[in-house]
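# need a structure here:
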Amino acid sequence: MAVKTSTRKYLKGEQTRDTILVAARKLFKDNGYHNTSVYDLFDRAGITKGAFYHHWRTKEDLALTLLEEMKVAYQNRIFSILEGPGTAREQIEKTFATIAQLSSDPDWHYCELIATWSTELGPEDAQLGRAVHEVRQGLLAYWERLLDRAQGEGQLRTDISAKDLSFLVVSTICGVTLSGKRTCGGGANPNAINTLQRLLFA
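Reported below is the predicted structural model:
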């Protein structure tokens, strides 16, 4: 049975949308938000101006789509660890292992993307800046909840509050990710993550 014209158009439209998202993840990760123009996206994705504006009104709309995609990815790959089996310490170790694994995956851009945007975007960036802040707050909340539980189970140092430790963990991971991006082609340094893990359980 022949595929309907409307179905072919829909599938082509979805394929174009996916192509733009792939290009945007790479460009925003490598160049940042402000240093990436829509024309860079046109060139990278190999699309026309009309194809882009068929899916998004602005570059910011595209970035907000990526943030929504990022939230889902973090929930599925990392945050869901908290609801799984194991002690808090085991879940912390699993989280670190997952981050190290994802950072070495060339198709996983979210650690570098949130690290880059967290340093680049501020209150003056209006909706996008607030959305990036919200994602970062989600990371902090995840770690605070997990670290607080580990302290309650007697598995983690208690001389520093879980809130302060969560800030340390997220800031360190973002910093290590950006450092790796500049010096060794991207991704968090596994040795640095292992050192952070040892410090938590000292």
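# hey, let's count contacts and neighbours off CA atoms from now on
OK.
# Identify the residues contacting the residue lying closest to Tyr33 once chain neighbours are set aside.
Closest residue to Tyr33 apart from its sequence neighbours, by C-alpha to C-alpha, 6 or more residues apart in numbering: Trp117 at 7.0 Å. For Trp117, the contacting residues are Gly32, Tyr33, Val132, by C-alpha atoms under 8 Å, 6 or more residues apart in numbering.
# element containing Trp117?
Using DSSP states H and E, Trp117 sits within helix 110-120.
# what's near enough to touch the nearest residue to Arg89 once chain neighbours are set aside?
Excluding the flanking residues, the one nearest Arg89 by C-alpha to C-alpha, 6+ apart is Ala150, at 5.9 Å. Residues in contact with Ala150 (C-alpha under 8 Å, 6+ apart) are Thr87, Ala88, Arg89, Leu156.
# go again using 10 Å as the cut-off
For Ala150, the contact set (C-alpha atoms under 10 Å, 6 or more residues apart in numbering) comprises Thr87, Ala88, Arg89, Glu90, Gln91, Ile92, Glu144, Leu156, Arg157, Thr158, Ala162, Phe201.
# Can you tell me the element the fourth one falls in?
Element membership for Glu90, per DSSP H and E: helix 88-103.
# which strands and helices sit next to that helix?
helix 59-77, helix 110-120, helix 126-152, helix 162-183, helix 190-200 (3 or more C-alpha pairs under 10 Å, 6 or more residues apart in numbering; DSSP states H and E).
# buried set for it?
Buried positions in helix 88-103, judged by neighbour count with 16 or more other C-alpha atoms under 10 Å: Ala88, Arg89, Gln91, Ile92, Lys94, Thr95, Phe96, Ile99, Ala100, Leu102, Ser103.
# With stretch 167-182 instead?
Per 16+ other C-alpha under 10 Å, stretch 167-182 contains these buried residues: 167-181.
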